[in-house]
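Peer 1: What follows is a predicted structure for the sequence shown.
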Number of protein chains: 2
Amino acid sequence: MTRLASYLPILDWGRAYGRDTATDDLIAALIVTIMLIPQSLAYALLAGLPPEVGLYASILPLVAYALFGTSRALAVGPVAVVSLMTASAVGEIAAQGTAEYLGAAIVLALLSGAMLIAMGLFRLGFLANLLSHPVISGFITASGLIIAAGQLKHILGISGSGSTMVEIVSGLVANLGTVNLYALAVGVPVTLFLFWVRSGLKPALVRAGLRPRLADIIAKSGPVAAVAATTLAAHVFSLGDKGVKLVGHIPSGLPAPALPPLDPELWGQLVVPALLISVIGFVESVSVAQTLAAKKRQRIVPDQELIGLGAANIASGISGGYPVTGGFARSVVNFDAGAATPAAGAFTAIGIALATLFLTPLISELPQATLAATIIVAVLSLVDLKALVRVWAYSRSDFAAMAATILATLVLGVETGVTVGVGVSLALHLYRSARPHMAIVGIVPGTEHFRNINRHKVITGETVLTLRVDESLFFANSRFLEDRLTELVAERPQLRHVVLMCTAVNEIDASALESLEEISRRLAGAGVGFHLSEVKGPVMDRLQRTDFLEHLNGKVFLTQYEAFAALDPRTAHIAEARKPRKATKADFWIGPEI
Amino acid sequence: MTRLASYLPILDWGRAYGRDTATDDLIAALIVTIMLIPQSLAYALLAGLPPEVGLYASILPLVAYALFGTSRALAVGPVAVVSLMTASAVGEIAAQGTAEYLGAAIVLALLSGAMLIAMGLFRLGFLANLLSHPVISGFITASGLIIAAGQLKHILGISGSGSTMVEIVSGLVANLGTVNLYALAVGVPVTLFLFWVRSGLKPALVRAGLRPRLADIIAKSGPVAAVAATTLAAHVFSLGDKGVKLVGHIPSGLPAPALPPLDPELWGQLVVPALLISVIGFVESVSVAQTLAAKKRQRIVPDQELIGLGAANIASGISGGYPVTGGFARSVVNFDAGAATPAAGAFTAIGIALATLFLTPLISELPQATLAATIIVAVLSLVDLKALVRVWAYSRSDFAAMAATILATLVLGVETGVTVGVGVSLALHLYRSARPHMAIVGIVPGTEHFRNINRHKVITGETVLTLRVDESLFFANSRFLEDRLTELVAERPQLRHVVLMCTAVNEIDASALESLEEISRRLAGAGVGFHLSEVKGPVMDRLQRTDFLEHLNGKVFLTQYEAFAALDPRTAHIAEARKPRKATKADFWIGPEI
């Protein structure tokens, strides 16, 4: 692949493009278009924007991703969590429905696009790794709950606002007296219908003899049926006159490119939200893309994905849209429907453009309660509270990070939620690696193996102490090692030698090196030798570049057995005197910790 | 030791206190008192405070530390770096010489004391580990340079101000026309004298037949001689009338306890500086204390040290002083002079109290240039630019953290400097552990050993790939593993099995577990088995608490050889067919990476 092609993957797959692939892509595009129309409208309303903005965000961004993206099945566009984050960020700057609000959403897309492209060019995709799985999972669960709660007002036909759970719930409770029964009569049946479509329709169709793939596609178009039926009902029963909120007039026609607001203060206020949206959007998108690519043994290039998503967001901003990313549900539909290349995305863009031109007049009487129902059904599938139980069983500190993320997101809002999650998981990681597992080891009689004295029947001497550290040595744990060794030596007046067994030490950074020097000096002051054993090649190589080995008040032994035999000949003699035998499994593992 | 005694170490050592120990402590106290008087005055001026505040900070804090501290030799009081940090923090809030300035310094001591005690009670001492050695070393070097540059104005007899290198140097240059030759005539000789005392006097005395310890003590009292000589000169030649700045009237008498300013806004502004001062002070102090304790095989308890230093700072704040910590030079003098228990600190406090009562009238004519010279000579010994070269040779990323800390401290000031250093070292640590060393391994013919295919002559098959990861798996690197494995599988259409060799995996967190599940799912989708080998006991134990092993699209093998033999019998056959031989050193290590 040439250098240019690595930035423009279309040069790669476009060369082999033929009629068969085009047919596959067209079919997939048709199905995704049908699915995307109600979704785009619904997510735009969720973001607090006019519904047509959702359609705009589903045209040019798809073309841009088709040019620059590396996934052959990813379908980009507005998604639930990013829409919520947009509403939260922009809501702090302008009031919904104003030109400033739309302008800020456009700036958010442009900023996010620029950041994603910069991260791609500078190979900074690894930053997304700061979001641990429990934090993402907790964040998405909490966002799903906030989104679902926020949509309840449309189902109930009352007014309300807020971007945190507390605000939303108190808003709902305050307005509960003004429930609109007509809205309720639309919203509740549609919600139940969509839940049934999602869980019951596909099996029913399969039982009726349809092929599973076809049954799946029909089930996925359930929202379109709901949109058609409730629009018709709204028209026939004049629901708009009875207080049911309708989508209203949607301007036909394609988005016209326009200059975004250029107020530097506005851009400055949106930098942090744009960064969070970029990272969250990228993490979600890349994990979908990788899962789908792996099924066909294809590859995606994460750093190029950043550029693809960045281009999509710039395209969205230029064409009056708001932040977009790769969506899970629609990408799976695209993949299952047979999309073979990113061209399917471009064809979908054409489909949405046609809808924007010709279908919009038909849906002005669509009740907002219908869109709210599609959102509720979609996001509740993202809510995974059982994950809390699973994570609790596996790791308390991961549970703490997840619970903190959920709580902070629900109570303090999405931006604080993500930040708290990242902060807590980093802090817990450092806390754990600052206190690595260490074991005093002794020799297994009759062998050359050394094991934890608390877990195995091993021989140790009074004058030699061997400590095994099960972690690389770096600044966060080097002082802990100092403390621990100082403590061990202070407790043992007989001690003449300390051996640090480095089997699990993959790295020693400059802080740890200074700590080792300090330990060597201190032990020398106390008349105790300090030795290393089983140092790995790359680590030894680095140590040899310093004068550490010259000043070391002891030796570096190739194996722990050599150290033991050299420093404590008496005990070694005991070990050797026993009849040698081959080590058995029992020597290696008798408890939960080796 | 009872629970109470663990919080009040005096109950421990106090019980065995007798006449011999008391004599040792008294002698040490006398010597430290002589050393502390000029230092206390000088560091108070460095902090922008009246000189007597330095004396106040050297009385009650020493008594408090004697009660609560665990080190038997640590001498607490005002130190250079903390004085600079105090000047920087308080200078942003009030003008030097005002009552607000002194009040803010007192609040800083109280806040820092409260934080240290809280950190001690909640066992948060590990937070100090976030400061890597290169960051501390860089910070102290940069602080030393700033302090020395800031004192030049006193040597030159000009005015100037500023808390960053840029401000200080531009201030000096602007006022260079107003140099006072009398001040210069005091400052330059004193500086040269003190440098000579530090480097040349002790060897000269030893050559003259003195015992090294006595010679050392005489050399350490050089500043006192300089103080006496220049005070006399100032009096005789009326230097005060000739524009030489003198210390001026110092109120005699002990500090009276007074209520600190209770303005909540002021306390709020000082929270961050107080935290930084606490952490820096603790790190410096605890490393001195540990070094000295180890020499006598004594122990210090870092979490109790936090309480000791916290109590010292509270005592300082209550008695009109400013933040204190354990000083390097004075602790070594204390130790060398034979201090046996913390009572030496209490005796020093009595010495300083007597000096405050009776000596202060004598030093009103002490030139500030003399104090500036003692500061310059003391801090330049902290400047260690060669450390940059050493760290560069050992580790590029540690060098980057150190250089960033020095630059940020010099240009942006002490608080930003520390923060930047911690941020850069954390980011670099995560960056490195996000990209762990991984090696594809093959079998060494005739053995059961597996080594890196790029370094050793090993056998691999086309259908089985074994990847060894040399790092624990956690959120920051789990996605990297996903990417790498997806890439490797995409490149090898023949592949049937992937084995992850876990010899160096000390932990698998929840994110890494999900990544492994995802990898297993993806590989299953591509018809490739996913296996683990050499999983450590504690890690296996955790995996067994989940349903991971049930869903794993492959097996967990006890040894890599078992995996190899089971999955690729043909190649294993080749390896077995060769005449078995014992592994030699050459099998294990032929290059800089294994």
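Peer 2: That came through fine.
Peer 1: Would you mark the buried spots in the longest helix anywhere in chain A?
Peer 2: Longest helix in chain A, counting residues (DSSP state H): helix A:19-46. For helix A:19-46, the neighbour count (16 or more other CB atoms under 10 Å in any protein chain shown) marks A:21, A:24-46 as buried. Any C-beta I mention is one placed from the backbone N, CA and C, and that applies to glycine too.
Peer 1: Following element in sequence after that helix, please.
Peer 2: helix A:51-56 (DSSP states H and E).
Peer 1: For the stretch 151-300 of chain A, which residues are neighbours of chain B?
Peer 2: A:287, A:290-291, A:293-300 (CB under 8 Å from any CB of the partner chain).
Peer 1: same for chain B: which of the buried residues of helix A:19-46 are within range?
Peer 2: Restricting the buried residues of helix A:19-46 to those near chain B - CB under 8 Å from any CB - leaves none.
Peer 1: hang on, the earlier thing: among the residues of the stretch 151-300 of chain A next to chain B, show me the least confident.
Peer 2: Lowest pLDDT of those: A:Arg297, 70.
Peer 1: hang on, isn't that residue packed against B:Val489?
Peer 2: Yes - the criterion here is CB atoms under 8 Å, and A:Arg297 meets it with B:Val489 at 6.6 Å.
Peer 1: Find residues that contact each of those two.
Peer 2: Residues touching both A:Arg297 and B:Val489 (CB atoms under 8 Å, 6 or more residues apart in numbering or on different chains): B:Ala526.
Peer 1: from the stretch 51-200 of chain A, which residue is nearest to chain B?
Peer 2: Nearest to chain B, among the residues of the stretch 51-200 of chain A, is A:Ser132, at 3.3 Å (CB to the nearest CB).
Peer 1: who touches that residue in this structure?
Peer 2: Applying CB under 8 Å, 6+ apart, the residues contacting A:Ser132 are A:398, A:401, A:421, A:425, B:474-475, B:509-511.
Peer 1: and with 10 Å instead?
Peer 2: The contact partners of A:Ser132, by CB atoms under 10 Å, 6 or more residues apart in numbering or on different chains, come to A:138, A:398, A:401-402, A:405, A:421-422, A:424-426, A:428-429, B:474-476, B:478-479, B:509-512, B:514.
Peer 1: And A:Ala233, by the same measure?
Peer 2: Counting by CB under 10 Å, 6+ apart, A:Ala233 has contacts A:182, A:185-186, A:189-190, A:239, A:244, A:365, A:367, A:370.
Peer 1: So which of these sit within strands?
Peer 2: When strands are assigned by DSSP state E, not one member of these lies inside them.
Peer 1: And the strands in the stretch 301-450 of chain A, which stretches?
Peer 2: A:325-326, A:438-443, A:450-452 (DSSP state E, counting those that start in this stretch).
Peer 1: Dump these into CSV; add distance to B:Arg198 and mean neighbour count as well.
Peer 2: Shown next, in CSV, are these (distance: least, CB to CB, whole Å; neighbours: other CB atoms under 10 Å in any protein chain shown):
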stretch, distance to B:Arg198, mean neighbour count
strand A:325-326, 63, 28
strand A:438-443, 41, 22
strand A:450-452, 48, 23
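Peer 1: Tell me where chain A is predicted with low confidence.
Peer 2: A:1-3, A:570-594 (pLDDT under 70).
Peer 1: Give me the domain ranges for chain A.
Peer 2: Following automatic domain parsing, one finds the domains of chain A at A:3-424, A:438-588.
Peer 1: out of those domains, deepest packed?
Peer 2: With neighbours taken as mean count of other CB atoms under 10 Å in any protein chain shown, those reach their highest mean count in domain A:3-424, at a mean of 21.
Peer 1: I'd guess A:Thr466 is in a helix, am I close?
Peer 2: No - going by DSSP: H, G, I helix; E, B strand; the rest coil, the assignment for A:Thr466 is strand, not a helix.
Peer 1: my guess is it contacts A:Leu485, does it?
Peer 2: No - between A:Thr466 and A:Leu485 there is no contact under CB atoms under 10 Å: 11.6 Å.
Peer 1: Show me where the stretch 401-550 of chain A has its helices.
Peer 2: Under the criterion DSSP state H, counting those that start in this stretch, the stretch 401-550 of chain A carries helices at the ranges A:414-434, A:475-491, A:510-525, A:537-543, A:548-551.
Peer 1: Against which helices or strands is the longest one packed?
Peer 2: Think helix A:414-434. Packing partners of helix A:414-434 (3 or more CB pairs under 10 Å, 6 or more residues apart in numbering or on different chains; DSSP states H and E): helix A:80-91, helix A:133-156, helix A:271-295, helix A:396-412, helix A:475-491, helix B:414-433, helix B:475-491.
Peer 1: In TSV: those, plus distance to B:Leu254.
Peer 2: Output for these, formatted as TSV (distance: least, CB to CB, whole Å):
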stretch	distance to B:Leu254
helix A:80-91	58
helix A:133-156	55
helix A:271-295	52
helix A:396-412	49
helix A:475-491	38
helix B:414-433	31
helix B:475-491	55
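Peer 1: sorry, back to before: please enumerate the shared neighbours of A:Thr466 and A:Leu485.
Peer 2: With CB under 10 Å, 6+ apart as the test, A:Thr466 and A:Leu485 both reach A:498, A:500.
Peer 1: roughly how far apart are the residue lying closest to A:Ile93 once chain neighbours are set aside and A:Val414?
Peer 2: Nearest non-adjacent residue to A:Ile93, counting by CB to CB, 6 or more residues apart in numbering or on different chains: A:Ala104, 5.0 Å away. Plainly put, A:Ala104 is 16 Å away from A:Val414 if you go by CB to CB, to the nearest Å.
Peer 1: Over to A:Gly243?
Peer 2: Counting by CB to CB, the gap from A:Gly243 to A:Val414 is 31 Å.
Peer 1: Can you list the residue ranges for strands in the stretch 101-250 of chain A?
Peer 2: Counting by DSSP E, counting those that start in this stretch, the stretch 101-250 of chain A contains no strands.
Peer 1: What segments of it are helices?
Peer 2: Under DSSP H, counting those that start in this stretch, the stretch 101-250 of chain A gives helices at A:133-156, A:165-174, A:181-196, A:202-207, A:212-220, A:222-236.
Peer 1: Let me have the ones you listed in CSV, adding distance to A:Ala329 as columns.
Peer 2: Output for the helices of the stretch 101-250 of chain A, formatted as CSV (distance: least, CB to CB, whole Å):
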stretch, distance to A:Ala329
helix A:133-156, 13
helix A:165-174, 24
helix A:181-196, 13
helix A:202-207, 14
helix A:212-220, 8
helix A:222-236, 11
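Peer 1: Return the residues in contact with A:Phe358.
Peer 2: With CB under 10 Å, 6+ apart, A:Phe358 has these contacts: A:Ser252.
Peer 1: With A:Val272 as the reference, measure out to the residue nearest to A:Pro261 when sequence neighbours are not counted.
Peer 2: In this structure, A:Pro261 finds its nearest non-sequential neighbour in A:Gly103, 4.1 Å apart by CB to CB, 6+ apart. Computed as CB to CB, the A:Gly103 to A:Val272 distance reads 18 Å.
Peer 1: what do you get for A:Val247?
Peer 2: 32 Å.
Peer 1: What of A:Val333?
Peer 2: Taken as CB to CB, the span from A:Val333 to A:Val272 is 33 Å.
Peer 1: Fine by me, we can end here.
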